[in-house]
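Visitor: no sequence on this one, just coordinates:
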């Protein structure tokens, strides 16, 4: 083999070793990702939609565990597990009713570099902070989402732990329970991915040359498997490959909602238009083949938006004119805090303290909450519910 060609494998191996070094450095001491964030009583009350007095009273009368020990006269704050328990005790859980259909959202765009995996992971952690039960399914063999959850796809994940044993031509699993992994978040689970998941593409493509029946069966199988799992969750987030392949088609059919992230640049806008056109054609072909595609909502989300860049503002105006209300009004701002968190294989929601300035962190977190909250509102509308009333609003109204 050509010496230059063999260099590609050497580069890949060196890169994989560096990824593992970074992971181990980020997640000392046992190389497992831990969640160390805490919420002060004021923030906890805001998340639960109640007053701080209600939390203190529940601690005093024994309904909630005693307040965390103080450090220098200040509470260190509540862990996520304690916050979830607090929601149950105080009746502040946002979980769907048993008859409500779980939201299965595909975060998809064929254009790379739009922040698809970053949006997926931040959205998962936003829903987790709000108290929802979340499942994230990494369907992309590049496995960026798996990496952001603290797993090294090359060293920690085997092919048998991905979707492969369920979707392959010769499946060895009859459901998806085998692939579900717990994460550092107590209410977020993950089905991971790695490079070997791409083998499914080869197998299904080869089978498809003999007729579409095998492909159709796999499309329906993924949907059924996800629906079976979704009974245990409120929101399922699917991160498909950034290309039109068999896995992407299966994800498109399995989802009941579509979120399309795109950056505020002319190439990204043009690429997204092509993606939507291709989606329209493919959905028509799937429906002609008897494969149902039904979405509760389709929304576009502008990501990596720099409000100080006139070109970004101009392209966003073009988006608004073109897509109308399908474009979510609040974009995700381009923030160094997101990049700094990603370098540590984290999201902004996992940071114990600001990496940059407190002002930058606060602005970034507020923007993410607002942008992700738009999607939460769509999910709740699908359940026939709106945001729960807050104690303060009720008292003020009275």
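Guide: Okay, I see it. Everything quoted here is computed from the prediction, not taken from an experiment.

Visitor: And the strands in the protein?
Guide: 103-107, 134-138, 181-182, 188-191, 235-239, 257-263, 298-303 (DSSP state E).

Visitor: and residue 150, which of those strands is closest to it?
Guide: Between residue 150 and the strands of the chain, the shortest separation by Cβ to Cβ is 9.4 Å, and it involves strand 188-191. In short, each C-beta sits where N, CA and C put it, glycine included.

Visitor: Residue 144 versus the residue nearest to the spatial centre of the chain, what's the distance?
Guide: Nearest to the geometric centre of the chain sits residue 120, at 2.7 Å (Cα atoms, centre = their mean). Separation of residue 120 from residue 144 (Cβ to Cβ, to the nearest Å): 9 Å.

Visitor: and for those two, which residues touch both?
Guide: Listed as contacting both residue 120 and residue 144 by Cβ atoms under 8 Å, 6 or more residues apart in numbering are residue 239.

Visitor: Residue 292: what's it in contact with?
Guide: 253, 286.

Visitor: quick one: residue 240 and residue 251 touch, right?
Guide: Yes: using Cβ atoms under 8 Å, residue 240 is in contact with residue 251, at 4.0 Å.

Visitor: can you give me the helices in the stretch 201-350 of the chain?
Guide: With DSSP state H, counting those that start in this stretch as the criterion, the stretch 201-350 of the chain has helices at 213-230, 246-254, 266-288, 310-323, 336-343.

Visitor: what angle sits between the longest one and strand 298-303?
Guide: Between the axis of helix 266-288 and that of strand 298-303 there is an angle of 160 degrees, by axes from the mean of the first three to the mean of the last three Cα atoms, to 10 degrees.

Visitor: Output the strands of the chain in JSON lines; the columns should cover distance to residue 343, mean pLDDT and mean neighbour count.
Guide: JSON lines is the format used below for those (distance: least, Cβ to Cβ, whole Å; pLDDT from 0 to 100; neighbours: other Cβ atoms under 10 Å):
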{"stretch": "strand 103-107", "distance to residue 343": "21", "mean pLDDT": "96", "mean neighbour count": "26"}
{"stretch": "strand 134-138", "distance to residue 343": "20", "mean pLDDT": "97", "mean neighbour count": "28"}
{"stretch": "strand 181-182", "distance to residue 343": "23", "mean pLDDT": "96", "mean neighbour count": "12"}
{"stretch": "strand 188-191", "distance to residue 343": "20", "mean pLDDT": "98", "mean neighbour count": "24"}
{"stretch": "strand 235-239", "distance to residue 343": "20", "mean pLDDT": "97", "mean neighbour count": "27"}
{"stretch": "strand 257-263", "distance to residue 343": "20", "mean pLDDT": "93", "mean neighbour count": "24"}
{"stretch": "strand 298-303", "distance to residue 343": "18", "mean pLDDT": "93", "mean neighbour count": "21"}
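
Visitor: hmm, back to that, and among the helices of the stretch 201-350 of the chain, the most buried is which?
Guide: Of all those, helix 246-254 has the most neighbours on average by mean count of other Cβ atoms under 10 Å, namely a mean of 24.

Visitor: Please compute how far that one lies from its chain's middle.
Guide: 17 Å (Cα atoms, centre = their mean, to the nearest Å).

Visitor: again with stretch 269-288
Guide: 23 Å.

Visitor: Residue 175 and residue 228 touch, don't they?
Guide: Yes: if you go by Cβ under 8 Å, residue 175 and residue 228 touch, sitting 6.0 Å apart.

Visitor: who touches the closest residue in space to residue 176 that isn't next to it in sequence in this structure?
Guide: Computed as Cβ to Cβ, 6 or more residues apart in numbering, the closest residue to residue 176 that is not its neighbour in sequence is residue 225, at 4.4 Å. Residue 225 makes contact with 166, 175, 176, according to Cβ under 8 Å, 6+ apart.

Visitor: now these: which count as buried?
Guide: The neighbour count (16 or more other Cβ atoms under 10 Å) marks 166, 176 as buried among the contacts of residue 225.

Visitor: Let me have the contacts of residue 225 in JSON lines, extended by distance to residue 35.
Guide: Shown next, in JSON lines, are the contacts of residue 225 (distance: Cβ to Cβ, whole Å):
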{"residue": "166", "distance to residue 35": "28"}
{"residue": "175", "distance to residue 35": "28"}
{"residue": "176", "distance to residue 35": "24"}
